[in-house]
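A.B. asks: A predicted structure for the sequence below; I have some questions about it.
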Amino acid sequence: MQSSTKIFIIAGEISGDQIGGAILNNLNNKNNRTYKFFGVGGDNLKKNGLKTIFNIEKISLMGLFEIIPKIPMLIKLLNLTTEKIHAFKPDLIITIDSPGFNFRILKKIKAYGINTPVIHIVAPSVWAWKPKRAKTISAFIDYLFVLYPFEKKYFIPFDLKTFFIGHPLIELYNNKHPKLPKNIKKKYLSIFPGSRKKEINYHLDIILTSINEVDTELKFIIVAVESQFDLITKIVDKYKNNISIEIVSNSKKEEVFKFSYAAIAVSGTITLELAINNVPFFT
């Protein structure tokens, strides 16, 4: 009987979970090997076979004011993740984005003498800040997969094996979402307020207040991740008498793309998804 290849995966944000889900989907469908996936991820990774050790939302944090009160919890999760890697004894470790959490994990396991090959997907933005970080991460990452071709040149000088792979979501959309006929009627201006509580609180009120001040008969549709549905509904309730707004689950976003003539989006992976689906947007 063929043994399974054991892969430990850590994706700390929704965007990383989407990328990871696309990669696992590819592995499951295009290889003769069998895999065991263990680690940290969200719905996309779980539906492709990942057994997760804790909810991704626990480390999907934004800004110092959100992180500082949760430092004790984050330390416990760092230790827990390291212990699980020890116990799982993976053949490969894959970390996706979330450098604040992932790089601490990789430093810890390197210090413990764990020499499992490590692939990190999504390069830190060293061209924009902290150029020396490229040299630092080469000490605990074996292979770096970058999403954009210009990124390679920042890491190769430090002997970090760097490969341009493109964005996995592009392949996923090309395979699953054929282009729509040009004559489909667009109905909505869609709103993608993000997946974190803090960014929703910060952005959605501003967006809806601005819309409320415009005399318009436009229809709006807000795409909400399941965990933030109640929060978004509470914010929308203040405006529903003046603005025509529907709220739908993030699982329906492909349908929303079809019926959006334009979109308002918090910056992130959603902007790439909108571009792939030919929906004009601003952030």
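C.D. replies: Good, I have the coordinates. What you see is a predicted model; the values in this text were computed from it and never measured.
A.B. asks: For the stretch 51-200 of the chain, which segments count as helices?
C.D. replies: Applying DSSP state H, counting those that start in this stretch to the stretch 51-200 of the chain gives helices spanning 64-67, 71-88, 99-111, 133-137, 168-176, 197-212.
A.B. asks: so which of these comes closest to Phe158?
C.D. replies: Nearest of these to Phe158, taken as Cβ to Cβ: helix 133-137 at 4.6 Å. C-beta here means a position set from N, CA and C on the backbone, and glycine is covered the same way.
A.B. asks: what comes into contact with the closest one?
C.D. replies: Applying Cβ atoms under 8 Å, 6 or more residues apart in numbering, the external contacts of helix 133-137 come out as Phe103, His120, Pro124, Val126, Leu144, Tyr154, Phe155, Pro157, Phe158, Leu160.
A.B. asks: Just name the lowest-scoring one in the residues you listed, pLDDT-wise.
C.D. replies: For the contacts of helix 133-137, the weakest pLDDT value sits at Val126, with 66.
A.B. asks: Just flag the most distant two among the contacts of helix 133-137.
C.D. replies: Across these (Cβ to Cβ), the longest gap, 19.4 Å, separates Phe103 and Pro157.
A.B. asks: which of those two has more neighbours?
C.D. replies: Using other Cβ atoms under 10 Å as the criterion, Phe103 and Pro157 rank with Phe103 on top: 18 against 11.
A.B. asks: these two touch, right, the more buried one and Ser138?
C.D. replies: No: applying Cβ atoms under 8 Å as the test, Phe103 and Ser138 come out as separate, 11.7 Å apart.
A.B. asks: What separation is there between Pro280 and Asn250?
C.D. replies: Here Pro280 is placed at a distance of 20 Å from Asn250 (Cβ to Cβ, to the nearest Å).
A.B. asks: same question but for Ser138, I mixed them up
C.D. replies: 36 Å.
A.B. asks: With Pro124 instead?
C.D. replies: Taken as Cβ to Cβ, the span from Pro124 to Asn250 is 26 Å.
A.B. asks: Which of those two has more residues huddled nearby?
C.D. replies: Ranked by neighbour count (other Cβ under 10 Å), Pro124 and Asn250 place Pro124 first, with 22 against 18.
A.B. asks: Excluding chain neighbours, what is closest to that one?
C.D. replies: Leaving aside its chain neighbours, Pro124 sits nearest to Pro99 (5.0 Å; criterion: Cβ to Cβ, 6 or more residues apart in numbering).
A.B. asks: Check the burial of that neighbour by counting its neighbours.
C.D. replies: Burial of Pro99 is recorded as 17 neighbouring residues (other Cβ under 10 Å).
A.B. asks: go on, Ala87?
C.D. replies: Look at Ala87: counted by other Cβ under 10 Å, it has 9 neighbours.
A.B. asks: Among the contacts of helix 133-137, the buried ones, what's the PyMOL command?
C.D. replies: Command for PyMOL, covering only those of the contacts of helix 133-137 found buried under the criterion 16 or more other Cβ atoms under 10 Å:
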select buried, resi 103+120+124+126+144+154+155+160
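A.B. asks: As a markdown table, the contacts of helix 133-137 with distance to His86 would be great.
C.D. replies: Listed next are these as a markdown table, based on distance: Cβ to Cβ, whole Å:
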| residue | distance to His86 |
| --- | --- |
| Phe103 | 18 |
| His120 | 20 |
| Pro124 | 26 |
| Val126 | 30 |
| Leu144 | 24 |
| Tyr154 | 32 |
| Phe155 | 28 |
| Pro157 | 33 |
| Phe158 | 28 |
| Leu160 | 25 |
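A.B. asks: From the contacts of helix 133-137, which land in strands?
C.D. replies: His120, Leu144 (DSSP state E).
A.B. asks: Next, work out how far apart Thr82 and Lys70 are.
C.D. replies: Plainly put, Thr82 is 18 Å away from Lys70 if you go by Cβ to Cβ.
A.B. asks: mind showing which ranges of the chain have poor pLDDT?
C.D. replies: For the chain, residues meeting the criterion pLDDT under 70 lie at 1-2, 31, 61-66, 126-131, 168-186, 215-216.
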